[in-house]
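In: Below: sequence and its predicted model.
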Amino acid sequence: MHSEWIFNQIESLKIKKKINLLDFASGNGRNCIPLSKRNIIITAIDKDEEKLNKYKNINNINTICFDLETKEEWPLIREYYDVIIVVNYLFRPKIKKLTNLLKKDGFLFYETFSKGNEKYGIPKNPDFLLKDKELIDIFGEELIPLSFYDGKIKGKNISIKQMGGFKKGVFKKTPCY
Ligand SMILES: C[S@@+](CC[C@H](N)C(=O)[O-])C[C@H]1O[C@@H](n2cnc3c(N)ncnc32)[C@H](O)[C@@H]1O
């Protein structure tokens with residue numbers, strides 16, 4: 001089952017033209033496969049070739065098998081993506097670089113586990129759990145925050161997650177007299 005929050009965010013964009021979407025650490029494709037049927041051109045990147053092989057031949061999906069956590073530069077095009085989604089993945093040392101991949105006026109929708117989740121299930125390792133307001137701290141300087149949630153998600157199991165929606169754009173600075 002796809003992420004409902006991600007789909008609601010994309011729905012809210014009321015997309016009419018073809019757009020480029022990056023599914024970052026796309027896993028088994030539960031999000032990008034259904035999105036590929038909606039006038040969306042997908043780049044799906046993950047290190048797990050076996051997972052990618054299951055959807056590499058689907059129309060509108062271009063899969064890239066790559067380890068996102070090495071010193072090597074990501075094989076992704078700068079300022080190319082209208083929308084980037086990241087679900088249930090966190091690698092702090094390089095995550096800020098996502099903003100370089102967004103087009104002007106592009107959107108980033110990020111959903112992953114946060115502090116407190118360890119009480120309910122995996123992940124429990126703090127490396128994979130966002131700290132308080134961390135998505136805002138990571139992206140809020142370069143992107144404009146649009147939506148933010150940090151708390152309980154009731155599904156089959158309870159989890160604690162942070163979800164942040166951001167837009168690339170120009171901050172309108174208020175003149176200072
Ligand atoms: C929990 S899954 C989430 C997958 C997908 N985003 C979803 O929501 O279903 C995490 C994914 O991150 C990928 N991943 C973990 N470390 C990675 C790395 N170093 N480079 C690329 N992908 C990685 C895994 O292969 C896995 O598919």
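Out: Received it, and whenever you're ready, just let me know what you need.
In: quick one: Asn100 and Leu76 touch, right?
Out: No. Assessed by C-beta atoms under 8 Å, Asn100 is found out of contact with Leu76, at 9.1 Å. Just so you know, the C-beta spots here come from the backbone N, C-alpha and C atoms, and that holds for glycine as well.
In: neighbour count winner among the two?
Out: Neighbours per residue (other C-beta atoms under 10 Å) separate Asn100 from Leu76, with Leu76 holding more: 19 against 14.
In: tell me the SS of the more buried one?
Out: Using DSSP: H, G, I helix; E, B strand; the rest coil, the structure places Leu76 in coil.
In: Excluding residues flanking it in the chain, which one is nearest it?
Out: Nearest residue to Leu76, sequence neighbours excluded (C-beta to C-beta, 6 or more residues apart in numbering): Leu101, at 5.5 Å.
In: Who are the contact partners of that neighbour?
Out: Contact analysis of Leu101 by C-beta atoms under 8 Å, 6 or more residues apart in numbering lists Leu22, Trp74, Leu76, Ile77, Arg78, Glu79, Tyr80, Tyr81, Ile84.
In: from what I can see the fifth one touches Asn100, true?
Out: Right, the one you point to is Arg78. Yes. The criterion here is C-beta under 8 Å, and Arg78 meets it with Asn100 at 5.3 Å.
In: quick one: what helix or strand has Leu43 in it?
Out: Not Leu; residue 43 is Thr. In the assignment (DSSP states H and E), Thr43 maps to strand 40-46.
In: That strand vs the ligand: in contact?
Out: Yes. Remark: strand 40-46 sits within contact range of the ligand at Asp46, by C-beta under 6 Å from any ligand atom.
In: helices and strands around the helix or strand that that strand is followed by, which ones?
Out: Downstream of strand 40-46, the next assigned helix or strand under DSSP H and E is helix 49-53. Helix 49-53 makes packing contacts with strand 61-65 when contacts are defined by 3 or more C-beta pairs under 8 Å, 6 or more residues apart in numbering; DSSP states H and E.
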